[in-house]
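would you be able to build a 3D model of this:
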Amino acid sequence: MSDALTDIRRDEVLASLRRELRRKEREFMAEPSREKAEELFLLWKKYYRSPHGYWSGPNRMMALERLAFYHGWTPEKGLGPLPAYYRPKDVAFIEFGAGFISNSSALEDLVADAIRRAFGGPVNYAKYLVKITVEPLKKVSCGECRLFSDYCGSLHCESKSLDELRKRIADAKSAEGLVR
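Residues are numbered from 1 along each chain as shown. Now for the predicted structure:
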């Protein structure tokens, strides 16, 4: 068991690692290479092995899926599942839990990036008015759902396709040996 300050620090490290993974995956999608795939493989392995924080923990099922994808990546493999996960820089996917935003760092990143783009450079000690447009997420199939986790297939899943879910789980489980 750890103390609250240690757990909060772990949350910060996980959030930073998730931001780095998003940035590196965008770079990989723009210009795929073996070197970038190897770097992403190591980052996802680090993410997988990261301890839980106070509020968050690593999505190990998604990490396994990505590890399986990046392990031994070749150009023939293409971009795999990545395009379904990424939106333009001015759009964020926000997930609600039981009355709270469970991935609040995505919203924080969206707002901070928009302000930096609008005003340039660091934005420390300043105030800004922000207008947000909210749209419902279109229904997706299980194969392209970005919420892939240990909870997939539950009663609350709106995109459940058992065949697609089985394939994603099998792909992810194939990478378990890579993190031991």
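
contacts for the helix or strand harbouring Glu38 next, please.
Assigned by DSSP states H and E, Glu38 belongs to helix 34-49. Identification of contacts with helix 34-49 by C-beta atoms under 8 Å, 6 or more residues apart in numbering yields 14, 17-18, 20-21, 24-25, 27-28, 58, 60, 63-64, 66-67, 70-71, 73-74, 178-179. Just so you know, the C-beta spots here come from the backbone N, C-alpha and C atoms, and that holds for glycine as well.

any of these buried? List them.
Burial by neighbour count, judged by 16 or more other C-beta atoms under 10 Å, picks out 14, 17-18, 21, 25, 28, 58, 60, 63-64, 66-67, 70-71, 73 from these.

all helices of the protein, in order?
Here the chain has its helices, by DSSP state H, at 4-30, 34-49, 60-70, 82-85, 104-119, 162-173.

any idea which of those is most buried?
Sort these by mean neighbour count, taking mean count of other C-beta atoms under 10 Å, and helix 60-70 sits at the top with a mean of 23.

helices or strands next to that helix in the packing?
helix 34-49, helix 162-173 (3 or more C-beta pairs under 8 Å, 6 or more residues apart in numbering; DSSP states H and E).

can you show me the CA trace of that helix as PDB?
Taking Å, rounded to 0.1, in the frame of the first residue of the first chain, the C-alpha atoms of helix 60-70 are listed here in PDB:
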ATOM      1  CA  ARG A  60      -3.200  -2.900 -19.600                       C
ATOM      2  CA  MET A  61      -5.500  -4.500 -22.200                       C
ATOM      3  CA  MET A  62      -4.900  -1.700 -24.600                       C
ATOM      4  CA  ALA A  63      -1.200  -1.700 -23.800                       C
ATOM      5  CA  LEU A  64      -1.100  -5.400 -24.700                       C
ATOM      6  CA  GLU A  65      -2.900  -4.700 -28.000                       C
ATOM      7  CA  ARG A  66      -0.400  -2.000 -28.900                       C
ATOM      8  CA  LEU A  67       2.600  -4.100 -27.800                       C
ATOM      9  CA  ALA A  68       1.400  -6.900 -30.100                       C
ATOM     10  CA  PHE A  69       1.000  -4.400 -32.900                       C
ATOM     11  CA  TYR A  70       4.500  -2.700 -32.500                       C
END
